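J.: Here's a sequence, model it:
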Amino acid sequence: MGTADVFCANCGRQQTPEASAGAFRTGTGTAAPPPIPPAADPLAGLSPRTASILCYIPTIGWIAAIIVLAARKFRADQIVRFHAFQGLYLFAVWLVVQWVVHPIMLTLPDNFVRIDHILEGLLLALSIFMIVKSSHGEAYVLPIIGELAQRSAAEQ
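T.: Numbering: from 1, shown residues only. Just a heads-up that it's a prediction; the model follows:
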């Protein structure tokens, strides 16, 4: 069965391309349904700048980053892909702070400086900074994770 095979919903007979494109079907003479239009791109109205900004929203930007990286619309846009990767790597650093540094800090006595809270504040500030930079159309490269993001965006 090929990709162009069409069958009548009433009688089950295979239709020829000419009959399936016409107003009536072969065999039953019933009216053919109108052709189904192609699905609209859900990201059609999303600008590259907005997509870049969404990748840096704290704690949920990783979802937008994955959608942007999977979208055909932004497959060739190196700047948007860079922002998506950098947003993902920024989220990965946040996960390390939450899952590794935070539990370690909980085991220390209360008179120690909570490095995890300082790191969380720094990551929040970096996210806001990157939202501002990407809203101005700048591809600011953060140390370490920005370089990784550049390499990742360049690979296709």
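J.: Remind me what the strand or helix carrying H102 packs against, helices and strands.
T.: Element membership for H102, per DSSP states H and E: helix 102-107. Where contact means 3 or more CB pairs under 8 Å, 6 or more residues apart in numbering; DSSP states H and E, helix 102-107 is packed against helix 115-135. (Each C-beta comes from the backbone N, C-alpha and C, glycine too.)
J.: Just the buried residues of the helix it packs on, please?
T.: For helix 115-135, the neighbour count (16 or more other CB atoms under 10 Å) marks D116, L119, E120, L123, L126, S127, M130, I131, K133, S134 as buried.
J.: And for stretch 52-59?
T.: For stretch 52-59, using 16+ other CB under 10 Å, the buried residues are S52, I53, L54, C55, Y56, I57, P58.
J.: that older thread, check the buried residues of helix 115-135 against P109 and report the nearest one.
T.: D116 (14.6 Å; CB to CB).
J.: Which residues are in contact with that closest one?
T.: When contacts are counted by CB atoms under 8 Å, 6 or more residues apart in numbering, D116 touches V97, V101, H102, I104, M105.
J.: Show the subsequent helix or strand relative to the worst-scoring helix or strand of the chain on mean pLDDT.
T.: Using mean pLDDT, DSSP states H and E, the weakest-scoring helix or strand in the chain turns out to be helix 17-21, at a mean of 54. Later in the chain than helix 17-21, the nearest helix or strand by DSSP H and E is helix 48-54.
J.: helix or strand right after that next one?
T.: Where DSSP H and E defines the elements, the next helix or strand beyond helix 48-54 is helix 61-70.
J.: Roughly how far does the residue nearest to the spatial centre of the chain sit from G45?
T.: With distances taken as CA atoms, centre = their mean, I67 lies nearest the centre of the chain, 1.4 Å away. Per CB to CB, to the nearest Å, I67 is found 14 Å from G45.
J.: For the closest residue to P48 other than its chain neighbours, give me the pLDDT.
T.: Counting by CB to CB, 6 or more residues apart in numbering, P48 lies nearest to V80, which is 4.8 Å off, once chain neighbours are set aside. For V80, the pLDDT comes out at 96.
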